[in-house]
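Student: Any chance you can model this:
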Amino acid sequence: MTSLPIDAQQKPKVLIVGAGIGGVCLALLLEKAGVPYLVLERADEIKFLGSAIALGVNAMPFFKQVGLYEDFKKVAKENHKIDEFNENRELEFTMDFSATFEIGGDRGYIISRPVLHELLLRGVPKEKILMKKRVLTMMQGDIGVSVTCADQTVYEGDMLVGADGAYSAVRQALYERMKKNKKLPASDNVPLPFTTTCLVGRTEPLSPTEFPELLEPMSRFRSVKGDNKPYSWMTLTTADNRICWVVIEYLNEQSSKENDSFRQSEWGQEAAESMCKLVRDFPIPVGPEGSNMTLGTLLDRTPKDLISKVMLEEKVFTTWYHGRTILLGDACHKVHIASGAGALNAMQDAIVLANWIAALPSLAIEDMEQIFKEYKKERFDVAMSAYNNGRMLSKVPGAGLTSKIIRYMTRNVPDFLWLIMLKNMAASRPQVWFLPLAKDTGTIPPRDQPSLRKNLHKAASLDTQGQAVSA
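Tutor: Numbering: from 1, shown residues only. Have a look, this model is predicted:
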């Protein structure tokens, strides 16, 4: 392991707002780097909600570097394809990702979001995550940054990271100040657009006798497009004999306006139950052949507190940082669930940002803004690509001409073009410079990662200088 000779007194104290997957990943990496930090979470307790997440070769180097790879494989299930069905439970086509195993040097996996969240939290000391800390205001200047919470507590640090989701309090406070100083771009001063709502859940452990697919070594990822209805739905088997499920409602202009009056990142239990009633008769290709199960079969086996209804906003903000404040994950780029990249992007944000924080040369605001600039430069195009992919894939279940064209293209992609797409998907395999590098066995080299390359070079140069002085 290489290390930059930064005086411990010069390491920044980082305030991380939000204990979601992105915030916890950053905390875990800063813990490994020996950088002081504190996580402020608004909830009374961390809610292990959500459905399932697909993670492939893009995330495996991270798990290897932080020592969680073997634990991850124990609670995840391999997956290499998505089966697309119609409402008659007939298989229409399959998207096969198995070539990424060789290209990227590792397997793809399905893991339930709550299980992933719990796994990541193992690497963060409990005393470094403070609950019931809803941030109301923030102040920043030449010598530091501070936040005031709803309980009147004040926390001070050298750097503030907003990892608090699509309706980020940090982003809102930052933008408000920038707006007053006429520094906020007009594009960042508009509400988050959204065209879909989503119902997600995770069943209780199920009987493999009733659901034989649970015995299969591979996760079964099945997607159904609604016939003449603005819905699509998915089921995914996980390693703990559960089935995670997702229902997406595609809104038209009128229904978007109706939902806009309830704009928030998550509705309450009543809204979730109402949507459950609307979708419970939707057919699912689950269980023994001829079983004719519906979503209601899974809904009835899902604890109510594990069901949530959320809005699926879509936006990549222009402003990611200002002064000592930087945004991460959904706080600066919210992409459609169809991209399958929301959690992965937050994790990769954390990797890149941790690389720059661990190499910060001083606590001067100019140096912070420089590493923030490097962070955005490395991550912005990736976020935009995920955003555009999500918008395109979200149209697959639609009924219009554009949706029909996209479905046709998806089913009939030539093998050579599909391979090119898979190579692009597997190219991003980021690592941190301050931990032993994970061995990469992919046949295609990982995409250039400036935060890794530059800081490894800098650390090596300083080590060489130190050896020369000693000699």
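Student: Flag the shaky bits of the stretch 251-400 of the chain, pLDDT-wise.
Tutor: Where the stretch 251-400 of the chain drops to pLDDT under 70, the residues are 252-268, 338-340, 393-400.
Student: pLDDT score for the closest residue to Asp158 other than its chain neighbours?
Tutor: Excluding its sequence neighbours, the residue lying closest to Asp158 (C-beta to C-beta, 6 or more residues apart in numbering) is Pro12, at 3.8 Å. Yep, even glycine has a C-beta here, placed from its N, CA and C like the rest. According to the per-residue confidence, Pro12 scores 96 in pLDDT.
Student: Would you agree Pro12 falls within a helix?
Tutor: No: the assignment for Pro12 by DSSP: H, G, I helix; E, B strand; the rest coil gives coil, which leaves it out of any helix.
Student: any idea which element the residue positioned nearest the centre of the chain lies in?
Tutor: For the chain, the residue nearest the mean C-alpha position is Ala343 (1.2 Å; C-alpha atoms, centre = their mean). Element membership of Ala343 [criterion: DSSP states H and E] is helix 342-357.
Student: so what does that helix touch, helix or strand wise?
Tutor: Contacts of helix 342-357 with other secondary structure elements, assessed using 3 or more C-beta pairs under 8 Å, 6 or more residues apart in numbering; DSSP states H and E, are made with helix 21-33, strand 52-55, helix 365-393, helix 450-470.
Student: buried set for it?
Tutor: Neighbour counts using 16 or more other C-beta atoms under 10 Å place 342-357 of helix 342-357 among the buried residues.
Student: what helix or strand is the closest residue in space to Met139 that isn't next to it in sequence on?
Tutor: Of all residues beyond its chain neighbours, the one nearest Met139 is Ser146 (5.0 Å), with distances taken as C-beta to C-beta, 6+ apart. Ser146 is part of strand 145-149, with elements assigned from DSSP H and E.
Student: Val161 too?
Tutor: Val161 is located in strand 159-162, with elements delineated by DSSP H and E.
Student: same deal with Val224?
Tutor: Here Val224 is covered by strand 221-225, with elements defined by DSSP H and E.
Student: continuing past that strand, what's the next helix or strand?
Tutor: Tracing the chain C-terminally past strand 221-225 and defining elements by DSSP H and E, one meets strand 231-237 next.
Student: same question for that following strand, mean pLDDT?
Tutor: The predicted model assigns strand 231-237 a mean pLDDT of 94.
Student: give the contact list for Trp233.
Tutor: 223-224, 226, 245-248, 279, 282, 284, 295 (C-beta atoms under 8 Å, 6 or more residues apart in numbering).
Student: swap the cut-off to 10 Å and go again
Tutor: With C-beta atoms under 10 Å, 6 or more residues apart in numbering as the criterion, the residues that contact Trp233 are 85, 199, 222-226, 245-249, 279, 282-284, 295, 298, 397.
Student: is the closest residue to it other than its chain neighbours in a bridge, and if so with what?
Tutor: Among residues not flanking Trp233 along the chain, Val247 sits closest, at 4.5 Å (C-beta to C-beta, 6+ apart). In this structure, Val247 has beta-bridge partners Leu199, Trp233, where bridges are defined by DSSP bridges.
Student: so Val247 touches Lys277, yeah?
Tutor: No: the pair Val247 and Lys277 fails to qualify as a contact (C-beta atoms under 10 Å) at a distance of 11.9 Å.
Student: Compare the two and say which is more crowded by neighbours.
Tutor: The residue with more neighbours, out of Val247 and Lys277 and counting by other C-beta atoms under 10 Å, is Val247; that gives 25 against 10.
Student: Pull up the gap between the nearest residue to Ala426 once chain neighbours are set aside and Val145, please.
Tutor: On the basis of C-beta to C-beta, 6+ apart, the spatially nearest residue to Ala426 that is not a chain neighbour turns out to be Gly104, at 3.7 Å. Distance, Gly104 to Val145, by C-beta to C-beta, to the nearest Å: 38 Å.
Student: Those two: which is more packed in?
Tutor: Each of Gly104 and Val145 has its neighbours counted (other C-beta under 10 Å); Gly104 has more, 27 against 23.
Student: got a list of what that one touches?
Tutor: 56-58, 60-61, 422-423, 425-429, 440-444, 446.
Student: And the residues you listed, which of them are buried?
Tutor: Buried subset of the contacts of Gly104 (neighbour count, 16+ other C-beta under 10 Å): 56-58, 60-61, 422-423, 425-429, 440, 442, 444, 446.
Student: In helices only, show me the residues you listed.
Tutor: 60-61, 422-423, 425-426 (DSSP state H).
Student: Take those and lay them out in TSV including distance to Leu206.
Tutor: Compiled in TSV, these are given as follows (distance: C-beta to C-beta, whole Å):
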residue	distance to Leu206
Met60	28
Pro61	33
Leu422	32
Lys423	37
Met425	31
Ala426	32
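Student: When you compare pLDDT across the residues you listed, which one is lowest?
Tutor: Of all these, the model is least confident about Met425, whose pLDDT is 86.
Student: which residue sits closest to that one, ignoring its sequence neighbours?
Tutor: Nearest in space to Met425, with sequence neighbours left out and distances taken as C-beta to C-beta, 6+ apart, is Thr100 at 6.5 Å.
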